[in-house]
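In: Any chance you could fold what I've pasted below:
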Amino acid sequence: MIQTKKVGCFGKREFNRQELVLCKAGALALYYNTYIYKEPCMDSYNTRMRWLTEILHGHWTCCVNMFMIDAATFQSLCFQLKNQYGLKASRRICVFKKVGMFLYTIALGASNRKVQERFQHSKETISRYFNEVLKSVCSPATDLIQPADPEFVSTPREILNNPRYMPHFKIMKLLVFTVDALN
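Out: Okay, here's the model as predicted:
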């Protein structure tokens with residue numbers, strides 16, 4: 001039975017001690033469950049490196065389905081990015097796993113959340129390593145993509161014969177000759 005006593009004209013109440021203790025205990029329990037106790041959400045058994053190893057050493061179609069490349073090409077890409085283009089393993093994540101997260105995202109169009117669940121890492125970690133591998137993957141572009149005529153001395157016939165494109169190239173040639181004359 002709740003004992004209340006009116007105090008003043010605004011209806012303030014005095015509560016008994018037991019009610020006050022229960023109310024405080026409920027508030028503490030709510031605070032603890034909301035802010036202190038964190039139930040782990042990244043607790044899957046077949047994820048991280050175990051899943052990646054299973055895919056790479058399993059049937060070749062599994063690797064092609066997950067990463068759009070076969071296991072030998074995957075490993076070759078990892079070694080090339082590591083040895084020639086500076087992709088480094090971090091304290092907790094090896095190069096294979098970084099490249100695996102990147103290719104999983106690209107090949108399947110997976111969102112950051114799906115990659116988080118598959119590889120059991122935070123969104124910040126996934127994003128950081130995705131950007132790191134992306135920079136490393138873009139590095140070979142300067143080695144692999146080079147124009148046949150680096151000086152751009154000759155103009156292809158398709159451009160010369162097309163009135164839509166040729167005026168732009170005439171201006172470019174004029175600028176090149178002007179700059180050469182000034183030097």
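In: Quick check on the most centrally placed residue in the chain: phi, psi?
Out: Centroid-nearest residue in the chain: S127, 3.1 Å away (criterion: CA atoms, centre = their mean). Note on S127: its backbone torsions stand at phi -60, psi -40 [degrees, to the nearest 10].
In: And G109, by the same measure?
Out: phi 70, psi 30.
In: So for stretch 111-124, what gets flagged as buried?
Out: If you call a residue buried by 16 or more other CB atoms under 10 Å, then stretch 111-124 has these buried ones: V115, Q116, R118, F119, Q120, H121. (Glycine included, C-beta is placed from N, CA and C.)
In: isn't there a strand covering the last one?
Out: No - residue assignment for H121, taken from DSSP: H, G, I helix; E, B strand; the rest coil, gives coil, which places it outside any strand.
In: circling back to that earlier point, for the buried residues of stretch 111-124, give me JSON lines that also has pLDDT and distance to K82.
Out: JSON lines is the format used below for the buried residues of stretch 111-124 (pLDDT from 0 to 100; distance: CB to CB, whole Å):
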{"residue": "V115", "pLDDT": "92", "distance to K82": "21"}
{"residue": "Q116", "pLDDT": "90", "distance to K82": "24"}
{"residue": "R118", "pLDDT": "88", "distance to K82": "22"}
{"residue": "F119", "pLDDT": "88", "distance to K82": "19"}
{"residue": "Q120", "pLDDT": "86", "distance to K82": "23"}
{"residue": "H121", "pLDDT": "88", "distance to K82": "20"}
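In: Of those, which is the nearest to S139?
Out: V115 (22.3 Å; CB to CB).
In: what's the closest residue to the closest one other than its chain neighbours in contact with, if anything?
Out: Of all residues not flanking V115 in the chain, I126 sits nearest, at 5.0 Å (CB to CB, 6 or more residues apart in numbering). By CB atoms under 8 Å, 6 or more residues apart in numbering, the contact list for I126 reads M101, N112, V115, Q116, F119.
In: The same query, at a cut-off of 6 Å, please.
Out: I126 makes contacts with N112, V115, Q116, as judged by CB atoms under 6 Å, 6 or more residues apart in numbering.
In: what's the pLDDT at the closest residue in space to the residue nearest to the centre of the chain that isn't next to it in sequence?
Out: Once flanking residues are discounted, S127 sits nearest to N112: 6.4 Å by CB to CB, 6+ apart. If you check N112, the pLDDT there is 92.
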